[in-house]
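# Mind looking at a prediction? Sequence and model below.
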Amino acid sequence: MNLPFLRPKAFKPRFPIIPLLTPEKEALGILEAHGPVERKEPDNSDETISQETLVSESSHTRISVGIFNGKVRYTNYLTEHYNTEKKRGAKLAYFVELYGGPEEFEEPWDNGYTIFWKNPTKQIMIVFGLHLGPVRIIDQNPENWKVDRDRTPHH
């Protein structure tokens, strides 16, 4: 007997996906459509990879975007959607497929709390928290990390 309602369903986000290198103004518009937006100073752990952080939260998802030289440098997605132990793998698989598929990624490594998965072709890394299931997509292209001395963050 084939019962379609018993088959695992693929993860489809109920929140906007903000591509890396999206211009700040465009990212701000996407986030505003998701929920109210706050501008914040980067956390200590993020200050070397972003000049400011845009944060938007809806009833089920918090999205944080690191801005560097006017573009999205990283995006964090913390969502209640697909956040059970059995479904978190589907969420991670969605982002791996979105950013090139497993064949483009190196072997993942973990520290017991977090999985790190690097795509050397696209020069990105996916960081996945095993406990609450947050996903971070980070631009690792060194060309995008050069500081534009003429650009100062909005405050």
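Arrived safely, thanks for sending.
# Tell me the bridge partners for residue 66.
When assigned by DSSP bridges, residue 66 has beta-bridge partners residue 53, residue 74.
# Check what pLDDT it gets.
On the pLDDT scale, residue 66 is placed at 94.
# Pull the contacting residues for the closest residue in space to residue 9 that isn't next to it in sequence.
Leaving out its chain neighbours, the residue that sits closest to residue 9 by Cβ to Cβ, 6 or more residues apart in numbering is residue 90, at 7.8 Å. No exception for glycine: its C-beta is placed from N, CA and C like everyone else's. By Cβ atoms under 8 Å, 6 or more residues apart in numbering, residue 90 lies in contact with 8-11, 82.
# Could you look up the SS state of residue 90?
helix (DSSP: H, G, I helix; E, B strand; the rest coil).
# Please apply the same query to residue 76.
Applying three-state DSSP: residue 76 is strand.
# what about the residue lying closest to it once chain neighbours are set aside, how many residues close to it?
In this structure, residue 76 finds its nearest non-sequential neighbour in residue 64, 4.1 Å apart by Cβ to Cβ, 6+ apart. Neighbours of residue 64 under the rule other Cβ atoms under 10 Å: 23.
# any idea how far the residue nearest to residue 9 lies from residue 142?
32 Å (Cβ to Cβ, to the nearest Å).
# Check which helix or strand the residue nearest to residue 76 maps to.
strand 61-68 (DSSP states H and E).
# list the buried ones in that strand?
61-68 (16 or more other Cβ atoms under 10 Å).
# repeat for stretch 89-99
For stretch 89-99, by 16+ other Cβ under 10 Å, it's 91-92, 94-96, 99.
# Where does pLDDT dip in this protein?
1-8, 45-47, 147-155 (pLDDT under 70).
# dump the residue contacts of the closest residue to residue 43 other than its chain neighbours.
Distances taken as Cβ to Cβ, 6+ apart place residue 53 nearest to residue 43, at 7.5 Å, with adjacent residues excluded. Taking Cβ under 8 Å, 6+ apart, we find residue 53 in contact with 39-43, 46, 64-67.
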